[in-house]
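*Asks:* Below is the sequence, then the predicted model.
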Amino acid sequence: MPGFRALTFDPQLWGFDRQAPFVERQSELIRLAAAAPETKRKPARYNLARFYLARDMAAEAKAVLDVAIADQRGDDITGSLLRAVAEVMLDRPERALKELSGPQIGNQPDAPIWRAVSFSRQGKWEEARKAFKGTELAIAGLPIELQRIAIQEALRSAIEVRDFSSAARLINELEMVGSTPAVEPTIQVLTGRLYEGLGRTDDALANYRAAGAAKDRRAASQGRLREIELMFAQGTMAKKDAIGALETLTAVWRGDETETEGLKLLAHLYTEESRYRDAFHVMRTALLAHPNAEETRKIQDEAAKTFDALFLGGRGDALPPIEALALFYDYRELTPIGRRGDEMIRKLAERLVAVDLLDQAAELLQHQVEHRLTGAARAQVATRLATIYLMNRKPDHALASLQRTRSSELSNELRDQRLLLEARALSDVGRNDVALEVIANLNGREALRLRADIEWAAKHWRVAAEQIELMLGERWKDFRPLSDSERTDVLRAAIGYTLSDEGISLARMREKYAAKMVGTPDGHAFDVVSAPIGSGSAEFQSVARRIANTDTLDAFLRDLNERYGAEYSKLPQARNGAAPPVNAARNETRADPAPTGSIRPRAATFRDQAKR
């Protein structure tokens, strides 16, 4: 095709095709293509395709080109270029680039133009600007209508990369080739963006408003979006009004970059207003509508940062717990992978514990123990999981969690915690003798309390009372009033001594604590259970039943919190208390926060019994 190899389009023929009567010209070209001999059939079909392109009938042009190119005879370079133009006019830049990727097309004068236009339509602004360089002469040789397309895309690419000097030159070129009413609103938006980049905000707003009032809904939506952004940046539009305007805009206009840009700004404003659910919903909307758009990726990145700040950075602490947890479950796809994701899950579990959603908290940690963690980290999380199972009255689950995660590479501190929890679980399932053996070598207040609870559960009243008295230590000498739990401990010790007929020990308890129990809500109960009248009275039986029904797990967990605050500071029973500092040494154990006393006459007997 010597008449069309220099350029794909002849401006004179293009103009003739646009001006000629449609039916007559179409019929003539179809007749020529049908009557052409086999060697001249493809050029005749290309002429028909050019006619359709000149008439803005890109789909019909592509259909003719598909048939022509399917014929393997003759030249396909012109056909590929024409089909690339058709794909551009159909707004399918990916297919256009595929047509232009052939090595034989690279030297064609107008191929770089359509390659640059395709990059621009894809939003690849840097690639488009590089591709447009050196195409000025080739663009000038195109028909006027195609020049407008190329110059408009070059203008937008220059504005997107903030090359405003080139953009100003391209504006002048557009004025020289002229515009049509159909493209005027789009040019007004681009001109407004140029003025905004140059700091001429009043001129920019005027252009945006003119575009916003146009009948071209696409350009009008783009103009309205730019107007909202500029007015909000200037401070002439309140955030509340900007949110309302963007909500309206993104509801009435869908399907292109205007929507994604509007959603991006809307999500950002929602986040600033702490409307996190709305911000995440915008992200999900953008992902569904425009999954591959660059603006969608930015929306998702900001949502991920917000999610991280909520559930790792502490910002979510200001939210009501149920709302925060519902937010996490609804948008848990934003959970980061790796260590940060694991840490986020553990923090979420603590929030679940704080609102007594123990089954859900255990489910999260169970998944981490089974599928995410290894070694000491796995044992540590399993320790917390066992605690939650105990709180949820599932000692068999707690025992299984501890036994499945045994390891020799644990610090003494973590090992002691696990032994205490294992003993408590064993006692709760009725294996009291084994529970005592597990903690036989452990010392400290929490170990004494646990021994007392185990012995009490086994109905070894005297030994249980001795352990409680040891745990109370010199508390009777302290001027501070007894707390509720301490008064319960005193009553339990007195009841134990009474039930085991330990008159001397009972008298010792009365001598120590009678003065501190006077005037307290449990003063009369202490008088009843410590009186030397035995356990047969109805009043004693009533107090004993009340104390026997007291849940000892809360007190045990409180003692663990005082000793191992880093692990137990989130327990509902003690989450408002201050936790002692964590000892950083791996093989050191925290000091006992409340030293215990001793009972010389009975201590040896107890140790012998505890080692059975």
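*Replies:* Everything's here; your move.

*Asks:* Name all residues that make contact with the closest residue to L472 other than its chain neighbours.
*Replies:* Once flanking residues are discounted, L472 sits nearest to D489: 6.1 Å by Cβ to Cβ, 6 or more residues apart in numbering. Heads up, the C-betas are built off the backbone N, CA and C, glycines and all. Contacts here follow Cβ atoms under 8 Å, 6 or more residues apart in numbering; on that basis D489 touches 468, 471-472, 555.

*Asks:* Between these, which sits nearest F232?
*Replies:* Closest to F232 out of the contacts of D489 is A555 (57.1 Å), distances taken as Cβ to Cβ.

*Asks:* and the closest residue to that closest one other than its chain neighbours, what element?
*Replies:* Nearest residue to A555, sequence neighbours excluded (Cβ to Cβ, 6+ apart): S485, at 5.2 Å. Assigned by DSSP states H and E, S485 belongs to helix 484-499.

*Asks:* Buried residues in that helix, which are they?
*Replies:* Residues of helix 484-499 classed as buried by neighbour count (16 or more other Cβ atoms under 10 Å): 485-499.

*Asks:* so how far is I504 from Y195?
*Replies:* According to Cβ to Cβ, to the nearest Å, Y195 stands 98 Å off from I504.

*Asks:* helix or strand for R121, which one?
*Replies:* Here R121, judged by DSSP H and E, is contained in helix 111-122.

*Asks:* contacts for that helix?
*Replies:* Outside helix 111-122, the residues within contact range by Cβ under 8 Å, 6+ apart are 81, 84-85, 88, 91, 93-94, 96-97, 100, 105, 125, 127-128, 131-132, 134-135, 138-139, 142, 149-150, 153-154, 156-157.

*Asks:* Drop anything exposed from those residues.
*Replies:* Buried members of the contacts of helix 111-122, counted by 16+ other Cβ under 10 Å: 81, 84-85, 88, 93, 96-97, 100, 105, 125, 127-128, 131-132, 135, 138-139, 142, 149-150, 153-154, 156-157.

*Asks:* What segments of the stretch 151-300 of the chain are helices?
*Replies:* 164-177, 184-197, 201-212, 217-234, 239-252, 257-272, 276-289, 294-311 (DSSP state H, counting those that start in this stretch).

*Asks:* Serialize the ones you listed to TSV and add fields for distance to A326.
*Replies:* Putting those into TSV (distance: least, Cβ to Cβ, whole Å) gives the following:
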stretch	distance to A326
helix 164-177	47
helix 184-197	41
helix 201-212	39
helix 217-234	30
helix 239-252	22
helix 257-272	17
helix 276-289	9
helix 294-311	12
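
*Asks:* got those helices as TSV, with distance to A318, mean neighbour count and mean pLDDT columns?
*Replies:* Converted to TSV, the helices of the stretch 151-300 of the chain look like this (distance: least, Cβ to Cβ, whole Å; neighbours: other Cβ atoms under 10 Å; pLDDT from 0 to 100):
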stretch	distance to A318	mean neighbour count	mean pLDDT
helix 164-177	43	16	93
helix 184-197	37	22	95
helix 201-212	37	19	96
helix 217-234	25	20	95
helix 239-252	19	16	95
helix 257-272	14	21	95
helix 276-289	11	19	94
helix 294-311	9	19	92
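
*Asks:* that older thread, closest to A440 out of the buried residues of helix 484-499?
*Replies:* Distances from A440 to the buried residues of helix 484-499, taken as Cβ to Cβ, are shortest for G496 (20.6 Å).

*Asks:* The closest residue to the closest one other than its chain neighbours and A494: what is the separation?
*Replies:* Using Cβ to Cβ, 6+ apart and skipping the chain neighbours, the partner closest in space to G496 is A465 (2.9 Å). Look at A465 and A494: by Cβ to Cβ, they are 8 Å apart.

*Asks:* Same check on A531?
*Replies:* 9 Å.

*Asks:* cool, and P181?
*Replies:* Distance from P181 to A494, by Cβ to Cβ: 99 Å.

*Asks:* do the same with A435
*Replies:* Separation of A435 from A494 (Cβ to Cβ): 24 Å.

*Asks:* Could you do P321 as well?
*Replies:* Distance from P321 to A494, counting by Cβ to Cβ: 40 Å.

*Asks:* again with D66
*Replies:* Distance, D66 to A494, by Cβ to Cβ: 98 Å.

*Asks:* which neighbours do A465 and A494 share?
*Replies:* The contact sets of A465 and A494 do not overlap (Cβ under 8 Å, 6+ apart).

*Asks:* Could I have the CA atoms of the helix or strand containing L450 written out in PDB?
*Replies:* Assigned by DSSP H and E, L450 falls within helix 445-457. The C-alpha trace of helix 445-457 is given here as PDB (Å, rounded to 0.1, in the frame of the first residue of the first chain):
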ATOM      1  CA  ARG A 445       2.000 -16.800  97.200                       C
ATOM      2  CA  GLU A 446       0.300 -18.100  94.100                       C
ATOM      3  CA  ALA A 447       1.700 -21.600  94.700                       C
ATOM      4  CA  LEU A 448       0.400 -21.500  98.300                       C
ATOM      5  CA  ARG A 449      -3.000 -20.400  97.200                       C
ATOM      6  CA  LEU A 450      -3.200 -23.100  94.600                       C
ATOM      7  CA  ARG A 451      -2.200 -25.800  97.100                       C
ATOM      8  CA  ALA A 452      -4.800 -24.500  99.500                       C
ATOM      9  CA  ASP A 453      -7.500 -24.700  96.700                       C
ATOM     10  CA  ILE A 454      -6.400 -28.200  95.800                       C
ATOM     11  CA  GLU A 455      -6.400 -29.400  99.400                       C
ATOM     12  CA  TRP A 456      -9.800 -27.700 100.000                       C
ATOM     13  CA  ALA A 457     -11.200 -29.500  96.900                       C
END
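
*Asks:* I'd like the next helix or strand past that helix.
*Replies:* Tracing the chain past helix 445-457, the next element assigned as helix or strand by DSSP H and E is helix 461-472.

*Asks:* Alpha carbons of that following helix, as PDB, please.
*Replies:* The C-alpha coordinates for helix 461-472 follow below in PDB (Å, rounded to 0.1, in the frame of the first residue of the first chain):
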ATOM      1  CA  TRP A 461      -9.300 -29.100 105.700                       C
ATOM      2  CA  ARG A 462      -6.300 -28.800 108.000                       C
ATOM      3  CA  VAL A 463      -3.700 -28.700 105.300                       C
ATOM      4  CA  ALA A 464      -5.800 -26.300 103.300                       C
ATOM      5  CA  ALA A 465      -6.100 -24.000 106.300                       C
ATOM      6  CA  GLU A 466      -2.400 -24.100 107.000                       C
ATOM      7  CA  GLN A 467      -1.600 -23.100 103.400                       C
ATOM      8  CA  ILE A 468      -4.000 -20.200 103.600                       C
ATOM      9  CA  GLU A 469      -2.400 -19.000 106.900                       C
ATOM     10  CA  LEU A 470       1.000 -19.300 105.300                       C
ATOM     11  CA  MET A 471      -0.200 -17.300 102.300                       C
ATOM     12  CA  LEU A 472      -1.500 -14.500 104.600                       C
END
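
*Asks:* List the buried residues of it.
*Replies:* When burial is assessed from 16+ other Cβ under 10 Å, helix 461-472 yields the following buried residues: 461-472.

*Asks:* pLDDT weak spots in this structure?
*Replies:* When residues are selected by pLDDT under 70, those of the chain lie in 1-7, 72-75, 106-107, 534-535, 565-612.

*Asks:* Many thanks, I have nothing further to ask.
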